[in-house]
Structures are given as C-alpha cells and as structure tokens.
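Colleague: model this:
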Amino acid sequence: MLTAKYPRAKLAHTPTPIELLPRLSKEIGGPAIWVKRDDCTGLAFGGNKARQLEYYLGEALRDKADTILITSAVQSNYSRSAVAAARKYGLDVEVQLEERVPDQPIEYYNSGNPFISKLMGAQTFSYPDGEDEEGADNAVFKRATKLKEQGKRPYVIPLSNKHIPLGSLGYVDCAEELISQVFEQKILINAIACASGSGTTHAGLLVGLRALGNWAPIYGICVRRDKLSQTKRVFEKSKIVAKMIGFKNLIDKSDIKLTDTTLSPGYGQLNHKVVEAIDLAANCEGLLVDPVYTGKALAGLIELIRNGEFSKDQNVLFIHTGGTPALFGYPELVK
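Modeller: Have a look, this model is predicted:
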C-alpha cells in the first residue's frame, strides 16, 4: 500500500461495491453511470469519513489520546462519523457545530447527524461563523488546551487547509481498491465524479490514481466553495498528499477539474437541480443521496452529462460518499 508507513485504525468496511445504475443511466440518456458505494463503509451509517478517520484515529491512538475534538457543520457526516470512531475505540469526544446554513427548520438541528451524535453521547458546542475555517479550528485548539490543563490528552481533527490532510490517505487507499475492482469486473472507467467540499476525498483519490498510473479525469462537484476557490484548495492539498506518499510533481493544475453550477444558493441549501437528482436516484435506483454532498454531486454529474461532456458509449463512476442521515434534516424534500 502507498500509505503503509502511516498509523491506521480500522474503521471502514471495505472494499465497497461498484454497481451499475442502469435505470438512472437510461433516464438521463447519457453514458453508463456506475456508483462506488462508499455509503456502505459501515461506521454509523457509513460514508467517506470512515476511510478518512482511520488515519486520524491511527495517529490519535499512537499518541495515546483519550479525547477526540472535531469541528464541522450542524448536519455534518464528519462529526457523526468521528463520534462513532471515538466510541469504537473507547475515547471521549467533543463536537463543535458551525452555523453554516441559515434559516433552517428545527428538524435540521435535532434530527439526522446531530441526533445520531447525541445518541452516541457526544458533547456538543456551537461556533457562530460557519465560513471561518481558521477561527473554527482555533476555537477547537483552545478547547484542547483547556482539556490538557485538566489532565486530558486531546487529539484535534482540524478543518482548514493549513493542517496535514491525513484523511486524504484514506482515498489514496480507495484509489488502489477501485483500480483492482474495475480490473476484476472488466470495466473501463472513462471518468470519475465526486463531491468536492473540504477537498480531502477529491485530493486523495486524484493522487492515488495518478500515483498508480491511472489517468481517468476526476470531476469534482463543488458543494461549498466556488470553482476558482476550490481549484486552488484541491491543487494545494493534492501536492501535499503526493509528497506524503513520496511523489514530487505528480499533480498538474490541469488535473483539477471542477464545476460549481449546482452549488447555488450555497452550502447545504437546496435548488431544483439537487431536488431532481435526489428524486431520480431514489425513484430510478432506490439509491439515497443527501442534500449537502452527494445530492449536489449527482446533480452536477447529471448536468455535465446533459451538456455533452461524455459520449453515450463511455462509463462514468460516481463516488457515493454517504450522508444519508442528513436527509432527515430536510423535511421539505417530501411534500
């Protein structure tokens, strides 16, 4: 494995399956759409964070931490998964919830991911500015300092791009897994699409594929930032991840392909394209995608297909990064 030198705590159920979505492909009228089911990673409703957290928990356990601290949005898959990971290894856990999405109903705060985190006994506290990554990180590190003064051994899982993206190593691993699977299933994957938020999954997958000699383009669908901002973020993170596994000059800026046409009006907020994508996946395939990440990512892929980005004889792989619990925070999806 490319990541073998890093400590790792087993969390995810892998390999996750790759499946064809024949009815959705037919409904959209484009290439064959395949899905990598990382919603099936098993840790408290699964999702991509299980792969990422294996490396953060690995380091935390190596350092003999007794408490995990993380900052994330209210309906965050990351916080829910981090709470589950901490509990699995007998650690305390505190979650800082950032106010990123304005004017939400009460269900947004009390169901889905925050409900599951509370069910697992997480201590939560609020951070008012959801767009201040560095400030959110600083607040969590200040909390960690207080815990140290109390004799605890906290470990912080940071958010901003200023910190080493250990979580990306989980998607370097995923790239190895994916290449093996498509070889065994005799599938020629012409392109890959995934949600691009923190950039951790996107960068890890891109670096892993390129390090293994696979040059399929990866289309990141922006779910939090505009295309220009996200391009810089993913490129910088990809260079760091490549260096972490011993490669120089592996990623070119031309490798970073992004679209932000389904982002508006902003992170965690619905638009008609996202609602359509959620409905199509559910009704054509019985596949659940969420409003924050995978719904927007699938909407972006559908738009790329309708705009002629791919030919009908191609195979496109959609990375389903999970997020199902967030559906319960958006009751307006069902009328």
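Colleague: endpoints of stretch 309-325, how far apart?
Modeller: In terms of Cα to Cα, to the nearest Å, the two terminal residues of stretch 309-325 are separated by 31 Å.
Colleague: for it, buried residues please.
Modeller: Buried positions in stretch 309-325, judged by neighbour count with 16 or more other Cβ atoms under 10 Å: 309-310, 314-325. In short, each C-beta sits where N, CA and C put it, glycine included.
Colleague: would you turn these into CSV with secondary structure?
Modeller: Below are the buried residues of stretch 309-325 laid out as CSV (DSSP: H, G, I helix; E, B strand; the rest coil):
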residue, secondary structure
309, coil
310, coil
314, coil
315, strand
316, strand
317, strand
318, strand
319, strand
320, strand
321, coil
322, coil
323, coil
324, helix
325, helix
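Colleague: those helices in the stretch 101-250 of the chain, which residues are they?
Modeller: Secondary structure of the stretch 101-250 of the chain by DSSP state H, counting those that start in this stretch: the helices cover 106-110, 113-119, 133-149, 169-184, 200-211, 227-244.
Colleague: point out the most buried one among those.
Modeller: Ranked by mean neighbour count, the helices of the stretch 101-250 of the chain are led by helix 200-211 with a mean of 27 (mean count of other Cβ atoms under 10 Å).
Colleague: the inter-axis angle of it versus helix 227-244?
Modeller: Calculated by axes from the mean of the first three to the mean of the last three Cα atoms, to 10 degrees, helix 200-211 forms an angle of 50 degrees with helix 227-244.
Colleague: excluding its backbone neighbours, what's nearest residue 101?
Modeller: The shortest distance from residue 101 to any residue other than its chain neighbours is 3.9 Å, reached at residue 268 (Cβ to Cβ, 6 or more residues apart in numbering).
Colleague: for that neighbour, the count of nearby residues, please.
Modeller: Summarising burial for residue 268: neighbours were counted as other Cβ atoms under 10 Å, giving 25.
Colleague: look at it and give its secondary structure.
Modeller: Assigned with three-state DSSP, residue 268 falls in the coil class.
Colleague: that one and residue 156, how far apart?
Modeller: From residue 268 over to residue 156 the distance is 23 Å, taken as Cβ to Cβ, to the nearest Å.
Colleague: go on, residue 225?
Modeller: Distance, residue 225 to residue 156, by Cβ to Cβ: 23 Å.
Colleague: could you do residue 167 as well?
Modeller: Counting by Cβ to Cβ, the gap from residue 167 to residue 156 is 13 Å.
Colleague: can I get the buried residues of stretch 309-325 in CSV with distance to residue 299?
Modeller: Putting these into CSV (distance: Cβ to Cβ, whole Å) gives the following:
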residue, distance to residue 299
309, 14
310, 16
314, 19
315, 20
316, 14
317, 17
318, 11
319, 14
320, 14
321, 14
322, 17
323, 14
324, 16
325, 19
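Colleague: re the thing from before, higher neighbour count, residue 167 and residue 156?
Modeller: Between residue 167 and residue 156, counting by other Cβ under 10 Å, residue 167 is the more crowded of the two (24 against 21).
Colleague: ok, and the closest non-adjacent residue to the more buried one?
Modeller: If the residues on either side of it in the chain are set aside, residue 167 comes closest to residue 52, at 3.1 Å by Cβ to Cβ, 6+ apart.
Colleague: residues contacting the helix or strand where the one you found lies, please?
Modeller: Secondary structure assigned from DSSP states H and E places residue 52 in helix 49-62. Where contact means Cβ atoms under 8 Å, 6 or more residues apart in numbering, the residues beyond helix 49-62 that reach it are 3, 6-14, 38, 41-43, 68, 77-78, 80-82, 85-86, 89, 91, 155, 157, 166-171, 173-174, 200-201, 204, 322.
Colleague: ditto for stretch 252-259
Modeller: Residues lying outside stretch 252-259 but in contact with it, judged by Cβ under 8 Å, 6+ apart, are 196, 206, 210, 217-222, 227, 230-231, 234-235, 238, 300, 303-304.
Colleague: same thing but 6 Å
Modeller: 217, 219-222, 227, 230-231, 234-235, 300 (Cβ atoms under 6 Å, 6 or more residues apart in numbering).
Colleague: can you give me the end-to-end distance of that stretch?
Modeller: Taking Cα to Cα, stretch 252-259 runs 18 Å from one end to the other.
Colleague: one more: stretch 183-193?
Modeller: With Cα to Cα as the measure, the ends of stretch 183-193 fall 19 Å from one another.
Colleague: that stretch: how far from the chain's middle?
Modeller: Here the centre of mass of C-alpha atoms in stretch 183-193, compared against the chain's by Cα atoms, centre = their mean, to the nearest Å, lies 21 Å away.
Colleague: mean pLDDT added to the helices of the stretch 101-250 of the chain, as a markdown table?
Modeller: Output for the helices of the stretch 101-250 of the chain, formatted as a markdown table (pLDDT from 0 to 100):
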| stretch | mean pLDDT |
| --- | --- |
| helix 106-110 | 88 |
| helix 113-119 | 94 |
| helix 133-149 | 94 |
| helix 169-184 | 98 |
| helix 200-211 | 98 |
| helix 227-244 | 98 |
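Colleague: and of those helices, who's closest to residue 334?
Modeller: Of all the helices of the stretch 101-250 of the chain, the one in closest proximity to residue 334, counting by Cβ to Cβ, is helix 106-110 (11.7 Å).
Colleague: if anything else comes up later, I'll come back, but that's it for now.
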